[in-house]
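Novice: Got a sequence here, can you build the structure:
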Amino acid sequence: MICRLSSSSEFNSILHVVNDAARAYRGAIPEDRWKEPYMSAEELRVEIESGVEFYGWVEDNVLVAVMGIQIVNDVTLIRHSYVLTNRQRRGIGEKLLRHLLSLARTVEVLVGTWEAAHWAISFYKKHGFRLVTREEKGRLLRKYWNIPERQIETSVVLELKNTNCFTFKRASVY
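Specialist: Presented below is the predicted three-dimensional model:
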């Protein structure tokens, strides 16, 4: 078992994990936002080109989970967290999240998910994230994500103050 930065040769494996695991969201994602496949190859390319770095969990030389991290201005975003359906509930998502949080170099870490995906919200809350207000959600989603208004309406944002990140203030010299 290993957690590592995914390589470009794993593009199809990343896509497979995302689309397999996204089946859990069917019914939680509004009908007008759901599509098959959930993420196309072109959409994955755009995400990678926009700076999302995918980390993967590998078991027996098979990619079984992915989670992305993206620095946008002054925050770290956790993006596209997926575990193959036959490997869920084994702590893999938690291990990936902890690893990505150790890489975060900003004070604020944000994650967005669908409002009806209660299991995902619970997962992030269990790991110290808190839901932001509805007003703050809209502001953050418009500022840090590139998603349609309909998705903003039906999503939530959770935040975590990153205690692994140290900010240094310039000392005054007299």
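
Novice: okay, CA-based contacts and neighbour counts for the rest of this
Specialist: Will do.

Novice: which residues of this protein fall in helices?
Specialist: Remark: helices assigned in the chain by DSSP state H are 11-21, 41-49, 92-103, 118-126, 134-144, 149-153.

Novice: can you list those helices in a markdown table and add mean pLDDT?
Specialist: Conversion of those to a markdown table gives the following (pLDDT from 0 to 100):
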| stretch | mean pLDDT |
| --- | --- |
| helix 11-21 | 97 |
| helix 41-49 | 96 |
| helix 92-103 | 95 |
| helix 118-126 | 97 |
| helix 134-144 | 97 |
| helix 149-153 | 96 |
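
Novice: just the ones you listed: most buried one?
Specialist: Greatest average neighbour count among those goes to helix 11-21 (a mean of 19), per mean count of other C-alpha atoms under 10 Å.

Novice: what's that helix packed up against?
Specialist: Counting contacts by 3 or more C-alpha pairs under 8 Å, 6 or more residues apart in numbering; DSSP states H and E, helix 11-21 is packed against strand 62-72, strand 75-83.

Novice: Could you dump the ones you listed into JSON lines and include mean neighbour count and mean pLDDT?
Specialist: Below are these laid out as JSON lines (neighbours: other C-alpha atoms under 10 Å; pLDDT from 0 to 100):
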{"stretch": "strand 62-72", "mean neighbour count": "22", "mean pLDDT": "96"}
{"stretch": "strand 75-83", "mean neighbour count": "22", "mean pLDDT": "97"}
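
Novice: Any idea which of those gets closest to Glu53?
Specialist: Evaluated over the helices and strands packed on helix 11-21, closeness to Glu53 peaks at strand 62-72, with 5.2 Å, by C-alpha to C-alpha.

Novice: who's in contact with that closest one?
Specialist: 13-14, 17-18, 51-58, 76-84, 87, 92-93, 96-97, 100, 144 (C-alpha atoms under 8 Å, 6 or more residues apart in numbering).

Novice: 6 Å instead, please
Specialist: Around strand 62-72, the neighbours that count as contacts under C-alpha atoms under 6 Å, 6 or more residues apart in numbering are 51-58, 76-84.
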